[in-house]
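A.B. asks: mind looking at a prediction? Sequence and model below.
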Amino acid sequence: MSVEVERKFVSNADTLKTLEEIGVCVGQCQFRDKYFDTPKFDLTLKDMWLRKRQGCWELKCPTTGNRTKESSGEQSKAAALCSRYREITDLPEIQQRVREVIKDICKDRETEASPPQEDESWLSEINLVCFADFTTVRQSFTLEEKGVQIDLDQADFGYHVGEIEVLVPEGGDVQSALEKIERTAGKLGELKRVEGKMNVYLQRNHPEHYAKLLSEHVL
Ligand SMILES: Cc1ncc(C[n+]2csc(CCOP(=O)(O)OP(=O)(O)OP(=O)(O)O)c2C)c(N)n1
């Protein structure tokens, strides 16, 4: 398990030019993301994001407690610009955590008795449905800052976003990740804050749920 620390920014032709000049392109890829939740959006209302990307499952959950000093006092500017999520990629653990969250909602179903399954049948067993499905073309870059990746994403619903990302091992140094992100951002010029792909997808495709996530301060 690791914690993803990430800052999103408006990506445009200037950012790409800068990255091509001062960075190294480490790859371009395309992937399809399918996101799942209950019909009442019980997971995302708890800020839990379950997705399948190119056959691999991921669950992003809020981090708890161990935030570092930036959470104990006034949040630093660097911290305020970044999001932090715990990423779980082990399917049995994902299934267990999802079942824990929704067990009260579907306690009449045999959710805990079923063994972990690799395919998608476990989703329907606990009433999870796909609420978002989109494809992204991603160009990835590195600068000299170790462990920092910069992604320029183009989603197929017509949205571009840049991300500066550091993966911190569980219990690792989030503060140092924030500093690396800050230094990297400084090299890319004036970076404007921007919404992530999912925010925009939800605004367009599930506006009522988007409004609810805003009112519950999830987004
Ligand atoms: C800035 C910010 N981002 C996401 C959230 C919540 N959230 C919404 S959808 C969502 C899941 C998707 O996370 P995201 O980092 O946006 O995915 P992606 O852009 O594909 O990057 P990758 O996973 O490949 O690194 C989250 C955590 C939030 N509250 N604030």
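C.D. replies: Perfect, I can see it now.
A.B. asks: do I have it right that Ile22 meets Leu143?
C.D. replies: Yes: using C-beta atoms under 8 Å, Ile22 is in contact with Leu143, at 6.3 Å. Backbone N, C-alpha and C define where each C-beta goes, glycine included.
A.B. asks: give me the more crowded residue out of the two.
C.D. replies: Neighbours per residue, other C-beta atoms under 10 Å: of Ile22 and Leu143, the larger number sits with Leu143, 19 against 12.
A.B. asks: please report how far the more buried one lies from the ligand.
C.D. replies: The spacing between Leu143 and the ligand, counted by C-beta to the nearest ligand atom, to the nearest Å, is 17 Å.
A.B. asks: ok, back up a step: between Ile22 and Leu143, which contacts overlap?
C.D. replies: Common neighbours of Ile22 and Leu143, using C-beta atoms under 8 Å, 6 or more residues apart in numbering, are Lys187.
A.B. asks: give me phi/psi at the closest residue to the ligand within the chain?
C.D. replies: Proximity of the chain to the ligand (C-beta to the nearest ligand atom) peaks at Met198, 3.3 Å away. Main-chain torsions, Met198, degrees, to the nearest 10: phi -70, psi -40.
A.B. asks: in space, what's closest to it - neighbours in sequence excluded?
C.D. replies: Spatially, and ignoring its direct neighbours in sequence, Met198 is nearest to Ala132 (6.7 Å; C-beta to C-beta, 6 or more residues apart in numbering).
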